[in-house]
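Participant: sequence unknown, structure follows:
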């Protein structure tokens, strides 16, 4: 039976609430969703038939500012998944101390089975259906699984047409030509790299001497693989939706990225030195750093005992279950949690939002400098609390994030 991500997210809240002796009146606020919208999306297909898809947009908390969170197109999308992802976005923005809340959205669809015209019609109709709960002051969507800058451009255009003026700040992750930010495409990977550098330094390890395994070869997995490869690191295994590949002496990431960018899958890549492996084998390979950068619920109590690394760097949202966390903790494996490790994307999304609102755009050097400053400040604070209280990095990160939300609730009070 598949793990319910919403139940998992609530369990994580219970764990941290107990650890920090949270006010019991605050706990229900953290475990509930502010608002959920479920919409039907009828689309005229290219062959003249009509199909109806289901879409979601969820706000977990807007107590500290407008909702912020991605929009995914996948057959796995359901309300509980979107709720969980919205909760994790709340912690992420709070941990980075950004003036934003947590939101998420998605459509239950296989986008690879749609033509470009069908995909555009789906996106525009979905935008029209959720138009009353998104906007620069309410909730700012962004790309996520199977969505991209083009889809964000359609959302921005649809929203702007309805409002009668161009409003670039309604979404982030747009093409640079229409209000997007430089550095946004690789922001999550760049943030992962900065955090890994800091973690390795704490453990007195040499990054270039480490063996790294990456699950996922999409925007996040591909980006961090590319950065590590360019900095002389050895990526010994990675995977996409088709298979995993392994080579003890290190994969040629540059060639694999070029292959993937042509729309090819790893299972079709020809290199006699590379061994094809399945997902279970990939996750349990002996390595120094394991980067799960695919989807949630990948490291569970079923495989956690077999995880053989020094550091788990969470590139995906919710890849490790609470039960697995306990096992990894006992094994003294450092788990750098998703709300810290992969927060580079939301950080640069915030920069894009600020640039749109002010109609003033930054250079790439400034983007990366500000990203590094914010994400390393959050890392240092998390690491310090983890060491002082002898708790996991995840629990420490949650204590910081939840404390800020709790204080905001206390200061704002209860209406009426």
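Facilitator: All right, it came through fine. Every value quoted in this text rests on a predicted model; they were computed, and no experiment measured them.
Participant: Just give me the neighbour total for residue 165.
Facilitator: Residues within reach of residue 165, counting by other Cβ atoms under 10 Å, total 6. (C-beta placed from N, C-alpha, C; glycine too.)
Participant: Which helix or strand lies directly C-terminal to whichever helix or strand residue 220 is part of?
Facilitator: Assigned by DSSP states H and E, residue 220 belongs to helix 219-230. Towards the C-terminus, the helix or strand next in line after helix 219-230, according to DSSP H and E, is strand 234-239.
Participant: Just list what the helix or strand following that following strand packs against, helices and strands only.
Facilitator: Moving toward the C-terminus from strand 234-239, the next helix or strand (DSSP H and E) is strand 244-246. In this structure, strand 244-246 packs against strand 234-239, strand 275-277, helix 279-283, with contacts taken as 3 or more Cβ pairs under 8 Å, 6 or more residues apart in numbering; DSSP states H and E.
Participant: Nearest to residue 412, out of the ones you listed?
Facilitator: helix 279-283 (42.3 Å; Cβ to Cβ).
Participant: now the closest one: how far from the chain's centre is it?
Facilitator: In terms of Cα atoms, centre = their mean, to the nearest Å, the centre of helix 279-283 is found 21 Å from the chain centre.
Participant: Was I right to think residue 23 contacts residue 406?
Facilitator: Yes. Proximity of residue 23 to residue 406 meets the contact threshold set by Cβ atoms under 8 Å, at 6.8 Å.
Participant: Neighbour count: those two, which is higher?
Facilitator: Shown here are residue 23 and residue 406; by other Cβ under 10 Å, residue 406 has more neighbours (21 against 12).
Participant: residues touching that one, list them.
Facilitator: Shown here is residue 406, whose contacts under the criterion Cβ atoms under 8 Å, 6 or more residues apart in numbering are 22-23, 26, 30.
Participant: rerun at 7 Å
Facilitator: Going by Cβ atoms under 7 Å, 6 or more residues apart in numbering, residue 406 touches 22-23, 26.
Participant: the strands in the stretch 1-150 of the chain, which residues?
Facilitator: Secondary structure of the stretch 1-150 of the chain (DSSP state E, counting those that start in this stretch): strands at 35-44, 50-61, 67-73, 102-108, 139-143.
Participant: Rounded mean pLDDT for the shortest one, please.
Facilitator: For strand 139-143, the per-residue pLDDT values average out at 96.
Participant: That one to strand 67-73, inter-axis angle?
Facilitator: Taking axes from the mean of the first three to the mean of the last three Cα atoms, to 10 degrees, one finds strand 139-143 and strand 67-73 inclined to each other by 40 degrees.
Participant: What lies in contact with strand 139-143?
Facilitator: Strand 139-143 is contacted from outside by 59, 66-71, 103, 105, 133-134, 149, 151-152, 155, 169-173, 349, 353, using Cβ under 7 Å, 6+ apart.
Participant: Can you give the domain ranges for the protein?
Facilitator: As recorded under automatic domain parsing, the domains making up the chain are 33-176, 187-341.
Participant: which one of these lies closest to residue 376?
Facilitator: Residue 376 sits nearest to domain 187-341 of all the domains of the chain, at 5.8 Å, using Cβ to Cβ.
Participant: What's the end-to-end length of that closest one?
Facilitator: Counting by Cα to Cα, to the nearest Å, you get 11 Å between the two ends of domain 187-341.
Participant: next one: stretch 246-255
Facilitator: Its first and final residues considered, stretch 246-255 spans 15 Å by Cα to Cα.
Participant: residue contacts, residue 27?
Facilitator: By Cβ under 7 Å, 6+ apart, the contact list for residue 27 reads residue 17.
Participant: low-scoring pLDDT stretches of the chain, where are they?
Facilitator: For the chain, applying pLDDT under 70 flags the ranges 1-2.
Participant: 80 - rerun?
Facilitator: Low-confidence regions of the chain, defined here as pLDDT under 80, cover residues 1-3, 295-297.
Participant: Give the buried residues for stretch 159-178.
Facilitator: Of the residues in stretch 159-178, those buried by neighbour count under the rule 16 or more other Cβ atoms under 10 Å are 159, 167-174.
Participant: let me redo that: stretch 203-223
Facilitator: Taking 16+ other Cβ under 10 Å as the neighbour-count basis, stretch 203-223 is seen to contain the buried residues 207, 210-223.
Participant: repeat for stretch 24-35
Facilitator: Neighbour counts using 16+ other Cβ under 10 Å place 26-27, 29-31, 33-34 of stretch 24-35 among the buried residues.
Participant: most packed of the helices and strands packed on strand 244-246?
Facilitator: strand 234-239 (a mean of 24; mean count of other Cβ atoms under 10 Å).
Participant: Now tell me what touches that one from outside.
Facilitator: 211-217, 221, 225, 228-229, 244-248, 250-251, 253, 266, 277, 279, 282, 285, 287.
Participant: now it and helix 219-230, what's the angle there?
Facilitator: An angle of 160 degrees separates the directions of strand 234-239 and helix 219-230 when computed by the same axes, to 10 degrees.
Participant: partners of strand 234-239 in the sheet?
Facilitator: Sheet pairing of strand 234-239 (DSSP bridges) gives strand 211-215 (parallel), strand 244-246 (antiparallel).
Participant: Let me see the ranges of the helices in the stretch 251-400 of the chain.
Facilitator: 253-261, 279-283, 322-330, 338-341, 344-358, 364-389, 393-412 (DSSP state H, counting those that start in this stretch).
Participant: Would you mind telling me which of the ones you listed is nearest residue 196?
Facilitator: Between residue 196 and the helices of the stretch 251-400 of the chain, the tightest spacing by Cβ to Cβ is seen for helix 338-341, at 8.1 Å.
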